[in-house]
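Participant: Structure for the following, please:
(one chain, ligands or ions: 1)
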Amino acid sequence: MEKRMNVSNTTLSYNRKGTIKFDAKQAIRHKFGKAHCTICDEVFTKLSHNAKVCGTKCKRERKSAYHKAYYEKNREKANAYAKAYHEKNREKLNAQSKAYHEKNPGYKKAYREKNREKIKASQRAYREKNRDKINAQRRVHRKKNRDKINRRRRADYVANPEKKKAAARAYSEKMRKNPEWVKKVNARNRKYREDNREKLNAKERARYHAKKKKESE
Ligand SMILES: [Zn+2]
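Facilitator: From the prediction side, this is the model:
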C-alpha cells in the first residue's frame, strides 16, 4: 500500500497526484471499491475512480513500461533527436565527459567490465549491420598507413617471434577446416609465387649456396 502523508485541514485528495493526502479525522468522501493491480495483480482499495495500480512501486513500474514502449515505438525519432543534439553540442558534451572521466578514473574500466556481454553484443550487431562500410574503412586505413602498419607488425614479430608463429599456426589450424579459406590462401600464395618468381628463385639460390659453403668449411 502506498505511504500516506498525514495532513490536517485539507480536503482528501480526489485527484491522485504525488503523495496521497490523508486525514484520519475526516470522513471518507468517496468510495471507489477494489480492483486488481495491473502490474502485480494484487487486490487493492482504489483511491480514485481510475486507479490502475496498488502503490508507488507498481506505479513506477507501470510508468517505466509505458516509457519503454513509447521509446521502442519512436526509436528512430529519439535517435535522430539525440544525434542532432549531440552534433550541435559536441564540444560541450565531450568536455563534460572528459571532465567526468578525469574525476572518476576507474569508471570506464568498471563500466566495460560490468557490461562486457552487452558491449560485445552491440559491437557484433553494429559490425553485422555495417560490414561493407567497415571493410571499406579498413581498406582505406590500411592503404593510407601501410608502411606504419608493416613496420609495427615487423617490430612485433621481431620482439616475440615464437608467440606470433604460434598464433599464426593456431589461426591456420582453425581456418583449414574452411575449404573456402584454403582455396583463397592457396590462390594468394600461387599469385605471390608467380609475381615474385625471380626474387624467390634468387633467395633459394642464395640459401642453397650458403648451405653448400657452410658444409665445405
Ligand atoms: Zn501492484
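Participant: Confirm Lys174 sits in a strand?
Facilitator: No - counting by DSSP: H, G, I helix; E, B strand; the rest coil, Lys174 is not part of a strand but helix.
Participant: moving C-terminal of the strand or helix carrying Ser64, what's the next helix or strand?
Facilitator: Taking DSSP states H and E as the definition, Ser64 sits inside helix 56-73. Using DSSP H and E, the helix or strand that follows helix 56-73 in sequence is helix 75-88.
Participant: can you list contacts of that next one?
Facilitator: Under the criterion C-beta atoms under 8 Å, 6 or more residues apart in numbering, residues Tyr71, Leu93 lie in contact with helix 75-88. C-beta coordinates here come from the backbone N, C-alpha and C atoms, glycine included.
Participant: do the same with stretch 128-144
Facilitator: Arg127, Ile149.
Participant: buried ones in it?
Facilitator: By neighbour count with 16 or more other C-beta atoms under 10 Å, stretch 128-144 contains no buried residues.
Participant: The helix holding Ser64: how far from the chain's middle?
Facilitator: 23 Å (C-alpha atoms, centre = their mean, to the nearest Å).
Participant: Equivalent analysis for stretch 156-175, please.
Facilitator: The answer for stretch 156-175 is 29 Å, by C-alpha atoms, centre = their mean.
Participant: Give me the average confidence score over that stretch.
Facilitator: Averaging pLDDT along stretch 156-175 gives 92.
Participant: So for that stretch, what gets flagged as buried?
Facilitator: For stretch 156-175, it's none, nothing buried (16+ other C-beta under 10 Å).
Participant: For the residue nearest in space to the middle of the chain, what are phi and psi?
Facilitator: Among the residues of the chain, the one closest to the centroid is Ile119, at 3.0 Å (C-alpha atoms, centre = their mean). Main-chain torsions, Ile119, degrees, to the nearest 10: phi -60, psi -40.
Participant: residue boundaries of the strands in this structure?
Facilitator: Per DSSP state E, the chain carries strands over the ranges 4-6, 20-22, 34-36, 43-45.
Participant: In contact with the closest residue to Thr45 other than its chain neighbours, which residues?
Facilitator: In space, and not counting its chain neighbours, Thr45 is closest to Lys34: 5.6 Å by C-beta to C-beta, 6 or more residues apart in numbering. Lys34 sits next to Val43, Phe44, Thr45, Lys46 when contact means C-beta under 8 Å, 6+ apart.
Participant: which one of those residues has the most neighbours?
Facilitator: Phe44 (18 neighbours; other C-beta atoms under 10 Å).
Participant: Local confidence estimate at the spatially closest residue to that one that is not a sequence neighbour?
Facilitator: In space, and not counting its chain neighbours, Phe44 is closest to Cys54: 3.8 Å by C-beta to C-beta, 6+ apart. pLDDT, Cys54: 89.
Participant: Counting neighbours, what do you get for Cys54?
Facilitator: Neighbours of Cys54 (other C-beta under 10 Å): 22.
Participant: roughly how far apart are it and the ion?
Facilitator: 3 Å (C-beta to the ion, to the nearest Å).
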